[in-house]
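*Asks:* Build me a model from this:
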Amino acid sequence: MRYASGGLSFRGMLAGVLLVSVVLSGLSFAQVFTLPVPATEPPTEVVWEEQTIPLAAESTQWFYWGSEVIAFTWRADIECLELDDLISGVPVGYLEIIPPSPASGTRIGALVLIRQSASGWQFAIVREDCNELESNGGVVTHTSNLVTNYISVKYRNCPVAVTPVFEEITRDALNSSFINGAFYDRANGYLLILLNSTWYHYCTVPEQVWEEFKRAESKGRFYNAYIKGHYDCRVYPVPRYVSCTFYLTDWGLFLTLEWNDLFMLGFISLDALASLSSFEPLVSSCEPDGAR
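*Replies:* Just a heads-up that it's a prediction; the model follows:
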């Protein structure tokens, strides 16, 4: 591996646990996030089993751990991952240990994976030389009510999982010669319309427009007059149906992933982090599947 520089009640309980753990360690959230970021660039990509994985360098989260720095960078296409990807153990992000003097060139990296094992779901940390670290890391909770209706939208990189948050107008209800389907996410103002056999998306669409579209006697005329040419997703923000967070506490590293209708909370022990930090950095390669 190499890199190029560049349920609600449970979640409330999780926030409380994290807050207590941070207080116990003598650090407040404000202190954690106001520490200066090191003068070093996060990676923009990693190579895993001969596949280049782009990283969202702007998503890098920095934490001080004693005199060292922990940096975690999510993969840029995290929203595109599906459950089968996680079961197979694809990386979800890149973890680095950076010494007090980054110029010394002793940055140590590892990939973080989620996968299914004989004992259940678990997080795995794989070093740059493809050695897996001993740890008790695992998925604390995993809820899944997965949908199967993924639709490919023109000009959008990742398919959209049409979850219950979307309201739908069926083809029969539309009664149109060229509009064959419609979905609307009221919280994000995100509208998907099937024109003939191609899905298109529209961003920041007001609820009033959606309500009037539903009531319109001619859906095609309404679309041409009030939707087509408006709400361009190249101008307005495109909603991402993924939320990911990385926490450092005195217990270890907590990682949460929530997208579509999948939620995971994973834990990586500080022992695993110490084990990674104690290794001398190696520049080597490994055979595909060598880290499985």
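
*Asks:* where along the stretch 151-292 of the chain do the strands fall?
*Replies:* 160-161, 166-169, 179-185, 190-195, 198-202, 242-248, 252-259, 262-269 (DSSP state E, counting those that start in this stretch).

*Asks:* Mind checking these for the one nearest to residue 209?
*Replies:* For the strands of the stretch 151-292 of the chain, proximity to residue 209 was assessed by C-beta to C-beta; strand 190-195 is nearest, at 8.0 Å. Where C-beta positions appear, they are placed from N, C-alpha and C, glycine not excepted.

*Asks:* Which residues does the closest one contact?
*Replies:* Here strand 190-195 makes contact (C-beta atoms under 8 Å, 6 or more residues apart in numbering) with 151, 153, 160, 162, 166, 171, 178-185, 199-203, 205, 210, 223, 227, 231, 238-239.

*Asks:* gap between that strand and the chain center?
*Replies:* From the chain centre to the centre of strand 190-195 is a distance of 24 Å (C-alpha atoms, centre = their mean, to the nearest Å).

*Asks:* Pick out the residue nearest the middle of the chain.
*Replies:* By C-alpha atoms, centre = their mean, the chain has its centre lying nearest to residue 78, at 4.2 Å.

*Asks:* Please report the distance of that one from residue 71.
*Replies:* 17 Å (C-beta to C-beta, to the nearest Å).

*Asks:* now do residue 122
*Replies:* Residue 122 sits 23 Å away from residue 71, taking C-beta to C-beta as the criterion.

*Asks:* pretty sure residue 241 is touching residue 160, no?
*Replies:* Yes. The pair residue 241 / residue 160 is scored as a contact, 7.0 Å apart, by C-beta atoms under 8 Å.

*Asks:* How is the protein divided into domains?
*Replies:* The record assigns the chain these domain ranges, following automatic domain parsing: 3-145+241-278, 164-227.

*Asks:* With mean pLDDT added, can I get the ones you listed in CSV?
*Replies:* Putting the domains of the chain into CSV (pLDDT from 0 to 100) gives the following:
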stretch, mean pLDDT
domain 3-145+241-278, 77
domain 164-227, 95
